[in-house]
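Participant: What follows is a protein structure lacking sequence information:
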């Protein structure tokens with residue numbers, strides 16, 4: 001009993017007092033469910049374990065446990081009130097912080113638990129709503145099956161169905177509201193609307209604003225404008241002028257420049273001179289290969305409007321100076337090339353070219369020397385004609401740079417190539433192409449200016465400006481255009497009328513000639529096929545008889561017989577050695593048809609005239625082929641009249657041809673029969689060129705030639721003629737002298753005795769010379 005009283009009277013622990021006090025997280029209402037869930041019990045136990053202080057705190061808070069133990073052991077009861085624990089201020093603060101952190105942890109845990117509970121309730125409600133919807137669907141199907149006369153409201157089944165319908169509609173409304181709450185986002189404050197865009201400024205009158213306007217629409221707009229002097233109309237005409245000039249400059253080339261120049265002059269170039277210069281410079285920069293074309297176009301315009309040529313030269317020089325200062329090599333190359341071709345067209349004075357070369361070569365670098373070399377290549381031909389001394393001075397400067405050797409090897413090779421071009425008189429670099437030579441030098445206006453002067457490019461001419469005298473200026477240019485293009489316009493009108501008349505006549509002629517029209521193939525396809533057939537037939541035949549038979553079956557049109565002779569001769573010349581097969585085949589054709597014989601005669605003349613072009617092997621085969629034809633009498637011997645055997649009329653190739661020809665003839669006929677043929681009195685006219693007797697020098701050359709090739713036997717008659725040639729000469733001179741001295745008998749007797757004595761003396765001298 002004492003033990004129980006002592007235990008009851010002992011002061012309670014600190015942790016029990018804390019558990020008895022209400023906690024901060026327990027001020028919420030209890031749930032309506034009478035039986036707590038096991039999760040809630042676990043949470044309570046977790047909170048209790050967190051709220052109970054550790055053992056160290058208990059030992060610290062119980063000041064004297066030893067005294068209590070002694071009292072319990074002795075059995076005495078302590079009637080003193082419990083003493084409060086002495087806790088320092090720092091410990092209280094730590095304890096307060098601990099309680100605060102635990103309370104926040106409890107709140108977070110409760111919040112998580114509420115969310116989990118809400119999610120589980122929502123899932124359970126969703127399942128219930130799906131089940132109710134399925135049940136309502138089944139009830140509606142049953143209701144539809146029921147007959148319309150039955151009274152469902154009076155039966156108990158009807159009451160149950162109405163109750164189910166009300167319940168399901170209520171649940172559907174709850175589900176719909178829950179889904180709306182879930183899907184609808186949290187309401188936020190409405191964002192203020194964006195401020196309206198600033199109003200666009202009014203469009204400049206007449207400006208299209210970058211919108212494409214078709215040409216017919218632009219023409220209609222120009223026609224609709226009533227006030228021709230208004231800024232709107234001037235703006236439209238300016239845009240049309242700009243597009244027209246740019247289009248014409250971009251279309252020009254070497255073939256159509258003559259047709260585009262009248263169209264360009266038809267535009268108001270006085271008003272658009274800035275646009276024309278700008279378009280020419282831009283197009284030349286974009287395509288430097290057409291620089292000569294643009295220079296020719298500028299040259300034509302310069303004859304009519306010299307101020308336009310001067311303005312373009314000023315702008316090109318300004319561009320060149322800017323590129324030289326900025327070290328812009330591509331732009332510098334384009335500008336120098338443009339100036340070079342303007343010098344070729346005599347639009348720019350040659351002094352400008354020499355000054356430019358002096359500037360480029362004053363402080364030579366690799367790039368400046370390369371640009372100077374290209375400039376001299378372009379305009380060197382015209383400078384050689386206009387200022388040869390100035391060009392010579394520039395080449396001396398090039399030579400000095402080359403000897404200094406301070407530039408790159410590549411640039412040195414460029415200078416050496418320039419000297420080679422100068423030595424060839426600038427072949428390959430003409431000053432003006434023939435199709436671009438459109439202006440006479442007398443009509444051209446040449447401009448001269450220096451790089452040191454200040455140049456005004458007048459860039460304000462590229463921008464539209466309202467002209468108060470627009471109508472008057474347009475009328476003045478119309479009259480100027482008529483004076484420039486008046487003749488051409490009249491010629492065009494006349495040409496159009498003539499062209500229409502010619503077209504009518506041509507149409508009538510075409511109708512008449514349609515039936516007589518013949519299609520001719522000028523590609524020579526049929527001729528090539530014929531030659532291929534002849535070649536394959538010759539090469540595929542076993543002997544000349546088979547080849548002749550097959551070749552005669554080929555259908556030859558009139559005039560194509562010559563192709564057969566040429567192909568036969570070509571095949572013979574292509575062989576390594578001469579084949580008798582070709583000679584027999586040629587002999588067969590000559591015997592069959594006289595046309596082939598005449599064609600071989602033409603081939604002989606043609607081959608002898610071009611004998612120096614043949615190789616030695618081909619020359620030998622051709623000579624043996626014609627020797628075979630002559631030896632078999634297939635070819636007439638008068639063809640030898642085309643050969644003139646003199647030292648001046650023969651070459652080494654022709655002498656070899658004659659040598660092989662006569663050697664083959666001697667083998668075929670023999671030296672005796674050949675000599676008889678050559679001494680035939682009926683053929684002496686044909687052999688006079690082979691055995692000339694017009695001059696002793698030619699006679700001796702012929703005798704020596706045949707003797708050297710081993711055919712001296714055929715020259716016996718020629719030797720005899722050469723022996724008696726002085727006597728024949730004296731006999732020819734004797735009748736002339738007798739006629740001149742027939743005045744008196746005494747004089748005749750004296751002259752005759754003297755002539756006889758002189759003739760005897762000359763005969764004695766000739767006999768002595770022969771013996772010696």
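Facilitator: That came through fine. Predicted, not measured: the structure shown is a model, and the values here were computed from it. Numbers count the residues shown, from 1 in each chain.

Participant: which residues sit in contact with residue 307?
Facilitator: residue 273 (Cβ atoms under 8 Å, 6 or more residues apart in numbering). For every residue, glycine as well, the C-beta is placed using N, CA and C.

Participant: and it, how far is that from residue 327?
Facilitator: Distance of residue 307 to residue 327, given as Cβ to Cβ, to the nearest Å: 32 Å.

Participant: And for residue 386?
Facilitator: Taking Cβ to Cβ, one finds residue 386 at 31 Å from residue 327.

Participant: More neighbours: those two, which one.
Facilitator: It is residue 386, of residue 386 and residue 327, that has more neighbours when counted by other Cβ atoms under 10 Å, with 18 against 11.

Participant: Neighbours of residue 401, how many?
Facilitator: What residue 401 shows, counting by other Cβ under 10 Å, is a neighbour count of 19.

Participant: who's in contact with it?
Facilitator: Applying Cβ under 8 Å, 6+ apart, we find residue 401 in contact with 361, 364, 369, 407, 415.

Participant: Count the neighbours of the second one for me.
Facilitator: In this case it means residue 364. Using other Cβ under 10 Å, the number of residues around residue 364 comes to 18.

Participant: which helices and strands sit right next to the top helix by length along the chain?
Facilitator: Secondary structure assigned by DSSP state H gives helix 89-145 as the longest helix of the chain. Using 3 or more Cβ pairs under 8 Å, 6 or more residues apart in numbering; DSSP states H and E, the elements in contact with helix 89-145 are helix 38-51, helix 156-183.

Participant: Filter the contacts of residue 401 down to the buried ones.
Facilitator: Neighbour counting over these (16 or more other Cβ atoms under 10 Å) leaves 361, 364, 369, 407, 415 as the buried ones.

Participant: Please work out the average pLDDT along the host helix or strand of residue 311.
Facilitator: Under the criterion DSSP states H and E, the helix or strand holding residue 311 is helix 306-326. The predicted model assigns helix 306-326 a mean pLDDT of 93.

Participant: Report the buried residues of stretch 99-116.
Facilitator: Applying 16+ other Cβ under 10 Å to stretch 99-116 flags 102, 106 as buried.

Participant: again but with stretch 237-247, I slipped
Facilitator: Within stretch 237-247, the residues scored as buried using 16+ other Cβ under 10 Å are 237-242, 244-246.

Participant: Averaged pLDDT, that stretch. What do you get?
Facilitator: 90.

Participant: Over to stretch 595-604?
Facilitator: Summarised as a single mean, pLDDT over stretch 595-604 is 91.

Participant: who touches the host helix or strand of residue 527?
Facilitator: Following DSSP H and E, the helix or strand that holds residue 527 is helix 525-540. Judged by Cβ under 8 Å, 6+ apart, the contacts made with helix 525-540 from elsewhere in the structure are 547, 550-551, 554, 556, 560, 563-564, 567-568, 571, 585.

Participant: can we see that at 10 Å?
Facilitator: Taking contacts as Cβ atoms under 10 Å, 6 or more residues apart in numbering, the residues outside helix 525-540 that touch it are 521, 524, 544, 546-551, 553-557, 560, 563-564, 566-568, 570-572, 574, 581-582, 585.

Participant: how about the nearest residue to residue 567, chain neighbours excluded?
Facilitator: With Cβ to Cβ, 6 or more residues apart in numbering as the measure, residue 534 is the residue that lies nearest to residue 567, at 4.5 Å, once sequence neighbours are left out.

Participant: Could you report the separation of the one you found from residue 607?
Facilitator: Between residue 534 and residue 607 the distance, using Cβ to Cβ, works out to 18 Å.

Participant: one step back: ok, the contacts of residue 401 vs residue 355, which is closest?
Facilitator: Using Cβ to Cβ, the shortest approach to residue 355 within those belongs to residue 361, at 11.1 Å.

Participant: nearest residue to that closest one other than its sequence neighbours?
Facilitator: Leaving aside its chain neighbours, residue 361 sits nearest to residue 397 (5.1 Å; criterion: Cβ to Cβ, 6+ apart).

Participant: Near the one you found, how many other residues are there?
Facilitator: Under the neighbour criterion other Cβ under 10 Å, residue 397 is assigned a count of 18.

Participant: next helix or strand past the helix or strand hosting it?
Facilitator: Following DSSP H and E, the helix or strand that holds residue 397 is helix 388-404. Next in sequence after helix 388-404, counting helices and strands by DSSP H and E, comes helix 409-423.

Participant: other SSEs contacting that next one?
Facilitator: Judged by 3 or more Cβ pairs under 10 Å, 6 or more residues apart in numbering; DSSP states H and E, the packing partners of helix 409-423 are helix 366-386, helix 388-404.

Participant: Out of these, which one sits most buried?
Facilitator: Across those, averaging neighbours per residue (mean count of other Cβ atoms under 10 Å) puts helix 366-386 on top, at a mean of 20.

Participant: how much space between residue 94 and residue 105?
Facilitator: Taking Cβ to Cβ as the measure, residue 94 and residue 105 are separated by 16 Å.

Participant: residue contacts, the nearest residue to residue 597 once chain neighbours are set aside?
Facilitator: Nearest residue to residue 597 in three dimensions, chain neighbours excluded: residue 590, at 4.4 Å (Cβ to Cβ, 6+ apart). Counting by Cβ under 10 Å, 6+ apart, residue 590 makes contact with 565, 596-601, 629, 632-636.

Participant: what kind of secondary structure is residue 590 in?
Facilitator: helix (DSSP: H, G, I helix; E, B strand; the rest coil).

Participant: mind checking how far it is from residue 561?
Facilitator: Relative to residue 561, residue 590 is positioned 12 Å away (Cβ to Cβ).

Participant: For the helix holding residue 527, buried residues please.
Facilitator: 530-531, 534, 537-538.

Participant: what angle do the helix holding residue 397 and helix 366-386 make?
Facilitator: Counting by axes from the mean of the first three to the mean of the last three Cα atoms, to 10 degrees, helix 388-404 points 150 degrees away from the direction of helix 366-386.
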